[in-house]
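Colleague: dropping the sequence and predicted coords here.
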Amino acid sequence: MKNDIYWMKYALYFAKLTKYNGEIPVGAIIVKNNKIISFGNNNTIKKNDPTAHAEIIALRKAGKYLKNYRLLNTTMYVTLEPCLMCSGAIIMSRISRLVFSTYNKKYFNIGSFIDLLGIYNINHKIKINSGILRKECTNLIQNFFYSKRKKK
């Protein structure tokens, strides 16, 4: 069985592709039975769609692939801590496990601001791991925003 570092490298690959389109470099993959079943990267600017986050795109593709909105026994790998919108979608999809790389303390997120999964009456609990390839993913995002500020 491949480990979290192995899979996070794929999410990081998709994040790097996004960066070249002027989007915030965030990538996500969903794995089931040791196989990538979907991927996504940010597309909010290109699609003029505020919901076109990497996680949402990966969830949509996985649902189509599995022909089911319930993504049971899957793991999502994402390079940045999911925002509140994405966190809600992840919970509703019934993903079993979430692995994210770096924290995002600027927005309402899955764990930094509010313990979304700690709410006692939520009907689906997700196992969460964080910090996988944190340095690489943090540097990618920081360099992206540094370059944007430098151009102004």
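Modeller: Happy to help now that I have it.
Colleague: going forward, measure contacts and count neighbours with C-alpha atoms only.
Modeller: OK.
Colleague: low-confidence ranges in the protein?
Modeller: Counting by pLDDT under 70, the chain shows low-confidence ranges at 1, 19, 106-121, 152.
Colleague: helices of that one, start to end?
Modeller: 4-19, 44-47, 54-66, 84-93, 134-151 (DSSP state H).
Colleague: check which helices and strands the last one sits against.
Modeller: Spelled out, that is helix 134-151. Helix 134-151 is packed against helix 4-19, strand 97-102, with contacts defined by 3 or more Cα pairs under 8 Å, 6 or more residues apart in numbering; DSSP states H and E.
Colleague: make it 7 Å
Modeller: Judged by 3 or more Cα pairs under 7 Å, 6 or more residues apart in numbering; DSSP states H and E, the packing partners of helix 134-151 are strand 97-102.
Colleague: what's the offset of the strand it packs on from the middle of its chain?
Modeller: Counting by Cα atoms, centre = their mean, to the nearest Å, strand 97-102 is centred 7 Å from the centre of its parent chain.
Colleague: ok, the closest residue to Ser93 other than its chain neighbours - how many residues close by?
Modeller: Nearest non-adjacent residue to Ser93, counting by Cα to Cα, 6 or more residues apart in numbering: Arg70, 4.9 Å away. Counted with other Cα atoms under 10 Å, the neighbours of Arg70 add up to 17.
Colleague: same question for the one 5 residues further on.
Modeller: Here the number of neighbours of Thr75 (other Cα under 10 Å) works out to 24.
Colleague: centroid-nearest residue for the protein?
Modeller: Val78 (3.1 Å; Cα atoms, centre = their mean).
Colleague: how much space separates the residue nearest to that one when sequence neighbours are not counted from Ala54?
Modeller: Sequence neighbours aside, Ala28 is the residue nearest to Val78 in space, at 4.2 Å (criterion: Cα to Cα, 6+ apart). Distance of Ala28 to Ala54, given as Cα to Cα, to the nearest Å: 6 Å.
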